[in-house]
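A.B. asks: curious how this folds, go ahead:
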Amino acid sequence: MILLHPGNPPGEAEFDLAPRKHATLDGLRLGLLGNSKLNADNVLNAVGDLLNERYKIVSTHHMTKPSFSHPAPAEIVEEMTESCDVVIAGVGD
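C.D. replies: Okay, here's the model as predicted:
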């Protein structure tokens with residue numbers, strides 16, 4: 001009997017992080033974008049609360065996409081782009 005493991009072999013891989021535009025969230029405007037699924041807003045609110053506790057976030061702007069199965073409408077993208085320095089998109093179920 002031959003047993004095959006479909007996963008990657010164990011080992012340590014080193015990766016470089018993508019360049020960051022901001023070194024910290026202090027002084028930034030936070031955007032939270034929900035996907036309209038159940039609990040997405042709850043999770044995003046919890047993440048927003050946590051980030052507001054840890055950093056000096058200037059403002060938090062929360063929006064929700066009308067449908068999880070479609071990209072955010074241009075109006076939402078434009079508003080988030082103008083009013084936020086960073087945006088976290090959340091998924092719920």
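A.B. asks: next up, the contacts around residue 54.
C.D. replies: residue 25 (CB atoms under 8 Å, 6 or more residues apart in numbering). Glycine gets a C-beta too; all of them are placed from N, C-alpha and C.
A.B. asks: can you mark which positions in the helix or strand residue 46 falls within are buried?
C.D. replies: Using DSSP states H and E, the element containing residue 46 is helix 40-54. Within helix 40-54, the residues scored as buried using 16 or more other CB atoms under 10 Å are 40, 41, 43, 44, 48, 51.
A.B. asks: closest to residue 20 out of those?
C.D. replies: Closest approach to residue 20 among the buried residues of helix 40-54 (CB to CB): residue 51, at 15.3 Å.
A.B. asks: run through the residues that contact that closest one.
C.D. replies: Counted by CB under 8 Å, 6+ apart, residue 51 has contacts 25, 30, 57.
A.B. asks: and residue 34, by the same measure?
C.D. replies: 40, 41, 44, 62, 63, 64, 65, 90, 92.
A.B. asks: now do the nearest residue to the second one once chain neighbours are set aside against residue 45, distance only.
C.D. replies: So that's residue 41. Distances taken as CB to CB, 6 or more residues apart in numbering put residue 34 closest to residue 41, at 4.8 Å, once the chain neighbours are dropped. Applying CB to CB, to the nearest Å, the value for residue 34 to residue 45 is 9 Å.
A.B. asks: again with residue 56
C.D. replies: With CB to CB as the criterion, residue 56 and residue 45 are 19 Å apart.
A.B. asks: what residues of the helix or strand just after the helix holding residue 46 count as buried?
C.D. replies: Per DSSP H and E, the first helix or strand lying C-terminal to helix 40-54 is strand 59-64. Neighbour counts over strand 59-64 (16+ other CB under 10 Å) mark 60, 61, 63, 64 as buried.
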